[in-house]
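Chemist: structure for this input, please:
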Amino acid sequence: MERLFSSYIFELAASLSEALNSFTKKKRKKCLKMKLKILELNIDKSNDIYSSDNCQMLLKSYDDYYQIIGFNLPWVGYFVVRENEIVGSCGFTGQPKEGKVEIAYWTFKEFEGQGIASFCCKELVSISRQTDPTITITAKTAPEHNASTKILQNNGFEFIEIVQDHEIGDAWLWGLKS
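Modeler: A predicted model of the protein is given here:
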């Protein structure tokens, strides 16, 4: 009986390991299919890819935002596109100032937990480093441990201090030095 139970546990563990590997491969595969698309000025909002309420809201807010901060590549906003569907957005909060640039990323609710924010963080760091390898990259999060803080930590960011943010109030400031 004990041998049967041990055999069952071994098979169960092997099966779980295989399922986890399969899940991880699928998640990795989905990330490989993602790309960033620049949120351009005065983009044609009638294109089907932009038809969701989330996209329309972002397009409007970025039109307004670019009026304030300007449109200066690569320090702009980006849609995250996977298989011709917009699944989130990310970007910079403006041009670098005093050797620092801030990143931000959002995943649309129905796509959370699929590696999209992690993809965004990595891509924004890559864009920053390719443009200016000496720049310090920063990000702000809600003042609590959450998915975003984990993403930042996994990408080498370190907590710096608590700051005031015009959108969320108290915020944790994170930094990634060159």
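Chemist: could you point out the helix or strand that follows the helix or strand of the chain with the lowest mean pLDDT?
Modeler: Lowest on mean pLDDT, DSSP states H and E among the helices and strands of the chain sits helix 2-32, with a mean of 46. The helix or strand immediately downstream of helix 2-32 is strand 34-38, counting by DSSP states H and E.
Chemist: can you list the domains in the protein?
Modeler: Residue ranges for the domains of the chain, per automatic domain parsing: 1-32, 34-176.
Chemist: hey, which of the ones you listed is tucked in deepest?
Modeler: Among these, domain 34-176 has the highest mean neighbour count (mean count of other CB atoms under 10 Å), at a mean of 16. The way it works is simple: take the backbone N, C-alpha and C, and place the C-beta from them, glycine included.
Chemist: can you pull out the helices in the chain?
Modeler: With helices called from DSSP state H, the chain shows them at 2-32, 53-69, 116-131, 147-154.
Chemist: give the rounded mean pLDDT of stretch 144-154.
Modeler: Mean pLDDT, stretch 144-154: 96.
Chemist: list the contacts of it.
Modeler: Under the contact criterion CB atoms under 8 Å, 6 or more residues apart in numbering, stretch 144-154 has outside partners 105, 112, 117-118, 121, 139, 141-142, 172, 174, 176.
Chemist: and the nearest residue to Tyr50 once chain neighbours are set aside, what does it touch?
Modeler: Taking CB to CB, 6 or more residues apart in numbering, and ignoring the residues beside it in sequence, Tyr50 has Leu59 as its nearest neighbour in space, at 6.2 Å. The neighbours of Leu59, taking CB under 8 Å, 6+ apart as the test, are 39, 43, 45, 50.
Chemist: how close does Leu59 sit to Asn72?
Modeler: 19 Å (CB to CB, to the nearest Å).
Chemist: beta partners for Phe92?
Modeler: Beta bridges link Phe92 to Ile103 when assigned by DSSP bridges.
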